[in-house]
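Peer 1: return atomic coordinates for the entry below.
(one chain, ligands or ions: 1)
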Amino acid sequence: MSEPLVIVGNGMAAARLVDELARSALGRYAVAVIGDEPRLAYNRVLLSAVLAGETASHDIELKPAGWWRDRGVTLKYGRVATEIDVGRRELKIENDESIEFSKLVLATGSSPLRLNVPGADLLGVNTFRDSRDVDLLLTLGSQRKRVVVVGGGLLGLEAAYGELCGFMIEQASGRPQAAE
Ligand SMILES: Cc1cc2nc3c(=O)[nH]c(=O)nc-3n(C[C@H](O)[C@H](O)[C@H](O)COP(=O)(O)OP(=O)(O)OC[C@H]3O[C@@H](n4cnc5c(N)ncnc54)[C@H](O)[C@@H]3O)c2cc1C
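Peer 2: Sure, this is the predicted structure:
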């Protein structure tokens, strides 16, 4: 019988691990992937291109739904893993569900640092880490709101470039702009 192997996180590491397991340990594990993002795993590196309007969001998926299905992977996405019960070898998932594991892999990536200053949690203060952030930033760009990017590293520059491109696409399309 296949051992239940549960992966928390449906990012790039999880997709690569499933790919490797399917090649080298086919049938040994019954794999389940639990991810809190509400979509199939995608290439996070390409979010900057999505923000800049150079790539469509659905084009950055790492594998189509059929790829996961063909490998017998149970996918639960849009679901947060909330607790690990090591004694019972059980992972708890939001909404009171739990799943048993023989092996558990945490592929949860990292989170963006939010500034520890008053106002950091206000509506309109966003991070740039996942596709939900990109959807929000695209909306702001299309509303022609003034955008301030905090952080001048590579991601900060890509975020600023993406917002600028969004603004230019809106202008070129001649669509009416919302008042600032
Ligand atoms: C815009 C952008 C551009 C980048 N460009 C580059 C680049 O050019 N080169 C480079 O090397 N790296 C780049 N990076 C970094 C790179 O994307 C990450 O190193 C990579 O995504 C890490 O993969 P991962 O699978 O470990 O984690 P992630 O891709 O972060 O995936 C982890 C997943 O786990 C989920 N998760 C976390 N906690 C839970 C939980 N409790 N329950 C369920 N799910 C959970 C997260 O929501 C996420 O979906 C970039 C990142 C961003 C945001």
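
Peer 1: how near is the residue nearest the centre of the chain to the ligand?
Peer 2: When the chain is reduced to its mean C-alpha position, the nearest residue by Cα atoms, centre = their mean turns out to be Asp130, at 4.4 Å. Here the criterion is Cβ to the nearest ligand atom, to the nearest Å. By it, Asp130 lies 6 Å from the ligand. Where you see a C-beta, it was placed from the backbone N, CA and C, and this is true even at glycine.

Peer 1: so who does that residue touch?
Peer 2: The neighbourhood of Asp130, defined by Cβ atoms under 8 Å, 6 or more residues apart in numbering, consists of 37, 44, 47.

Peer 1: of those, closest to Leu62?
Peer 2: Nearest to Leu62 among the contacts of Asp130: Arg44, at 9.6 Å, using Cβ to Cβ.

Peer 1: and the closest residue to that closest one other than its chain neighbours, how many neighbours?
Peer 2: Residue nearest to Arg44 in three dimensions, not counting chain neighbours: Met12, with 6.2 Å by Cβ to Cβ, 6 or more residues apart in numbering. Using other Cβ atoms under 10 Å, the number of residues around Met12 comes to 16.

Peer 1: and the one 4 residues further on, by the same measure?
Peer 2: Here the count is done by other Cβ under 10 Å, and Arg16 has 13 residues near it.

Peer 1: what strand or helix carries it?
Peer 2: Assignment of secondary structure by DSSP states H and E places Arg16 within helix 12-24.
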